[in-house]
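Trainee: Sequence plus the predicted model coming up.
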Amino acid sequence: MPTIFDPEKTWGENPFLGFMGLGEELLEQEPRAAYFGQQEQFGRSPRQRQFLQNQFSRYHNQYLGTLGAGIRQGQWPETSFSEYAAAIPFASEYASMPPAMAGRGFTSQFAPRARSLYSF
């Protein structure tokens, strides 16, 4: 007797459950989607959000370095980039940076320096 495919047994009530794993696969194929999916953690100030949006390559390179070090030590990497990006403490990293690096120390664009007058 031929086996009849029963979607109720295979997937339950949701016929799209077979496609649910595609999201995780997409995040691994496109790491920018995993990183920018964390934008709610970037903070509320526009300057902080813009700074962290520009830091994708730095965090991705750190992740690749971690993978390389693990492989060199003979360990198979178990952390995906989406898990790595979810664990980044964006707010505390931004707060701990020096103002000049984080783009917070440039107030002179609004208030010009006071000019000193010297008498000879």
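Mentor: Alright, I've got the coordinates.
Trainee: Would you agree Gln48 is in contact with Met97?
Mentor: No - taking contact to mean CB atoms under 8 Å, the distance of 10.2 Å between Gln48 and Met97 leaves them out of contact. Yep, even glycine has a C-beta here, placed from its N, CA and C like the rest.
Trainee: out of the two, which sits in the busier spot?
Mentor: For the pair Gln48 and Met97, the greater number of neighbours falls to Gln48 (18 against 13), based on other CB atoms under 10 Å.
Trainee: tell me the contacts of that one?
Mentor: With contacts taken as CB atoms under 8 Å, 6 or more residues apart in numbering, Gln48 has the following neighbours: Phe42, Ala91, Tyr94, Ala102.
Trainee: What lies in contact with the biggest helix by length in the chain?
Mentor: Of all the segments of type helix in the chain, defined by DSSP state H, the longest one is helix 56-72. Contacts made with helix 56-72 from outside it, assessed by CB under 8 Å, 6+ apart, are listed as Pro31, Arg32, Tyr35, Phe36, Trp76, Pro77, Thr79, Phe81, Tyr84, Ala85, Ile88.
Trainee: Go through the residues you listed and flag which are in strands.
Mentor: Residues from these lying in strands, with DSSP state E as the criterion: none.
Trainee: Report the buried members of the residues you listed.
Mentor: Neighbour counting over these (16 or more other CB atoms under 10 Å) leaves Pro31, Tyr35, Phe81, Tyr84, Ala85, Ile88 as the buried ones.
Trainee: Turn those into CSV, including distance to Glu24.
Mentor: Formatted as CSV, the buried ones among the contacts of helix 56-72 follow (distance: CB to CB, whole Å):
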residue, distance to Glu24
Pro31, 13
Tyr35, 15
Phe81, 11
Tyr84, 14
Ala85, 13
Ile88, 18
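Trainee: what ranges do the helices span in the protein?
Mentor: The residue ranges that make up the helices of the chain, judged by DSSP H, are 7-11, 22-29, 31-36, 46-53, 56-72, 81-86, 90-96, 99-102.
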